[in-house]
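1. I'd like to go over a predicted model; first the sequence, then the structure.
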Amino acid sequence: MKKYNFDRIIPRTGTNSVKYDGVLHTFGSEDVIPLWVADMDFRCPEPVVEALRQRVEHGIYGYTFVPDGYYEALAGWMEKRHRWSVRREWVVFSPGVVAALHLAVNAFTRPGDGVIVQPPVYFPFFSAVKENGRRLVYNELKLENSRYTINWDDLREKASRGARMLLFCHPHNPAGRCWTAGELETLADICREYDLILLSDEIHADLTLPGYRHLPMAALNEEIAGRTITCVSASKTFNLAGLATSAVIISNSELREKFESFCRKVHTGSGNLFGYTAAEAAYRYGEEWLNEVLEYLSENIQFAQNFFRKHIPVIEPIPTEATYLMWLDCRKLGLSPEQLGDFMVKQAGIGLNNGAMFGPGGEGFMRLNVACPRALLERALERLRRAIDHDFSIR
């Protein structure tokens, strides 16, 4: 018998939720089922809630340092779930992975340097490069047989032009890829050949679906570990994004000192006492919850795939290997990105992320977050079916 009930619908309106309370600002309508922002509509593991409750009841929330228990829990989790031995001294605090992207770009590159990204990809990758005065270099992924792969020839060509750094999304958001060992080894070879620093965003590492295994980039071999900055967090895994606590793992002491030096300049090292408390409890006691939620997410993805196949075949989901984010190929609708976004909101009444925001190759796609009770997902898909049947059957 399962311990957790993910079918329970928990109202989130009125909690300052970006996902729910931000729909009017984002979509221009409150009559929208929000399946966009990458957080879950599920209550956190009970041990996390209890740990926070105990800390809150203490009543004093003064300055704190990172507790030993947090480092121990993080290292234990990485060893158990990903077979990666992480030393305490390798771990640097960051208030979030997006913040870490900006910190790393500043720490390891200079204004005007080329930084490679692989679109369609999580859109803060772009701003981390452009807003810090670096040169954005696209290595667009290839979509072949409903599966994204890296364009190796293009990557080598772009790297040969003097790029300094590569931002790697692993697992990939929004394409849902869990990169294979062979792909990671090829990427490592290219980074070595062209002396690229690799930032590996592994925030979705714990959300690989049944049949797939995440291999941390830095666990591949010592050489690639020496040029890799790995970003991880309990925030996606255990639905703790609002607690702003992430870890940056850097085994190379020289690179780590550069990163920490820039962190000191902008004073990001103090952290969040509730974030540490929650993350430690999650890593120590949240595995049962995670295993159950992964099963539920896998079933949601299968439900959605079957629904599209049976009722909305004009939209084709790209197979999802990791994350709870489905990447929907809507190109057969023949709509521009603006028209597609308007259709989803105004005709279908659902709030998704427009694929165009993920950069080149994202046009004509939409990103769907299925980390919600199945009844809510079914209601949203039914709205979409009715809108498709009405608007496209009369053309």
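-> Thanks, I have it.
2. pretty sure W327 sits in a strand.
-> Yes. The assignment for W327 (DSSP: H, G, I helix; E, B strand; the rest coil) places it in a strand.
3. test my guess that it contacts P174.
-> Yes. The pair W327 / P174 is scored as a contact, 4.7 Å apart, by CB atoms under 8 Å. Glycine gets a C-beta too; all of them are placed from N, C-alpha and C.
4. overlap in contacts, those two.
-> G355, F365, R367 (CB atoms under 8 Å, 6 or more residues apart in numbering).
5. closest one of these to L101?
-> Proximity of these to L101 (CB to CB) peaks at R367, which lies at 18.9 Å.
6. what helix or strand does that closest one sit in?
-> Using DSSP states H and E, R367 falls within strand 365-369.
7. now do the same contact list for T26.
-> Counting by CB under 8 Å, 6+ apart, T26 makes contact with W36, G351.
8. toward the C-terminus, what is the element adjacent to the helix or strand it falls within?
-> Under the criterion DSSP H and E, the helix or strand holding T26 is helix 23-27. On the C-terminal side of helix 23-27, the nearest following helix or strand under DSSP H and E is strand 33-34.
9. parallel or antiparallel, which strands does that next one pair with?
-> Strand 33-34 has its sheet partners listed here by DSSP bridges as strand 350-351 (parallel).
10. contacting residues around the partner strand?
-> Counting contacts by CB under 8 Å, 6+ apart, the residues outside strand 350-351 that touch it are 23, 26-27, 32-36, 344-345, 380, 383-384.
11. could these be laid out in CSV, adding pLDDT?
-> Converted to CSV, these look like this (pLDDT from 0 to 100):
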residue, pLDDT
V23, 97
T26, 97
F27, 97
V32, 97
I33, 98
P34, 98
L35, 98
W36, 98
M344, 98
V345, 98
A380, 98
R383, 98
L384, 98
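12. among those residues, the buried ones, what's the PyMOL command?
-> Those of the contacts of strand 350-351 that meet the burial criterion (16 or more other CB atoms under 10 Å) are gathered into one PyMOL selection, given here:
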select buried, resi 23+26+27+32+33+34+35+36+344+345+380+383+384
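13. of the contacts of strand 350-351, which is the nearest to F259?
-> Within the set of the contacts of strand 350-351, W36 lies nearest F259; the separation is 31.2 Å, counting by CB to CB.
14. just checking, what's the longest helix in this protein?
-> Using DSSP state H, we find that the single longest helix of the chain is helix 287-311.
15. now for it, which elements pack on it?
-> Using 3 or more CB pairs under 8 Å, 6 or more residues apart in numbering; DSSP states H and E as the contact test, the elements touching helix 287-311 are helix 234-238, strand 316-318, strand 325-329, helix 374-393.
16. by mean pLDDT, show me the worst of those.
-> Comparing mean pLDDT across the helices and strands packed on helix 287-311, the lowest value falls on helix 374-393: a mean of 94.
17. buried sites along that one?
-> Taking 16+ other CB under 10 Å as the basis for neighbour counts, the residues of helix 374-393 that come out buried are L376, L377, A380, L381, R383, L384, R385, A387, I388, F392.
18. skipping adjacent residues, who's closest to the third one in space?
-> Computed as CB to CB, 6 or more residues apart in numbering, the closest residue to A380 that is not its neighbour in sequence is I33, at 4.4 Å.
19. is it true that that neighbour touches G349?
-> Yes. In terms of CB under 8 Å, I33 counts as a neighbour of G349; the distance is 6.5 Å.
20. any residues in contact with both of these two?
-> Where contact means CB under 8 Å, 6+ apart, the residues bridging I33 and G349 through contact with each are R383.
21. which elements pack onto the helix or strand bottoming out on mean pLDDT in the chain?
-> For the chain, the helix or strand with the lowest mean confidence is helix 374-393, at a mean of 94 (criterion: mean pLDDT, DSSP states H and E). Based on contacts counted as 3+ CB pairs under 8 Å, 6+ apart, the elements that helix 374-393 packs against are strand 33-34, helix 287-311, strand 350-351.
22. just the angle for it relative to strand 325-329, thanks.
-> Here helix 374-393 points in a direction 10 degrees away from that of strand 325-329 (axes from the mean of the first three to the mean of the last three CA atoms, to 10 degrees).
23. now the chain, which segments are flagged as low pLDDT?
-> 393-395 (pLDDT under 70).
24. how far does the helix holding T26 sit from the chain's center?
-> The gap between the average C-alpha position of helix 23-27 and the chain average comes to 22 Å, counting by CA atoms, centre = their mean, to the nearest Å.
25. which residues does the residue lying closest to G176 once chain neighbours are set aside contact?
-> Spatial nearest neighbour of G176, excluding adjacent residues (CB to CB, 6+ apart): T320 at 3.9 Å. Contacts for T320 (CB under 8 Å, 6+ apart) come out as G176, L209, I301, M326, W327.
26. if we go to 7 Å?
-> G176, L209, I301, M326 (CB atoms under 7 Å, 6 or more residues apart in numbering).
27. the last one and I315 touch, don't they?
-> No. In this structure, M326 sits apart from I315 without contact. The criterion is CB atoms under 7 Å, and the distance is 10.3 Å.
28. what's the first-to-last distance across stretch 19-38?
-> Stretch 19-38 has its terminal residues 8 Å apart, counting by CA to CA, to the nearest Å.
29. now do stretch 263-282
-> Across stretch 263-282, the terminal residues are separated by 26 Å (CA to CA).
30. got the buried residues for that stretch?
-> By neighbour count, with 16+ other CB under 10 Å as the criterion, the buried positions of stretch 263-282 are 263, 268, 271-282.
31. thanks a lot, see you next time.
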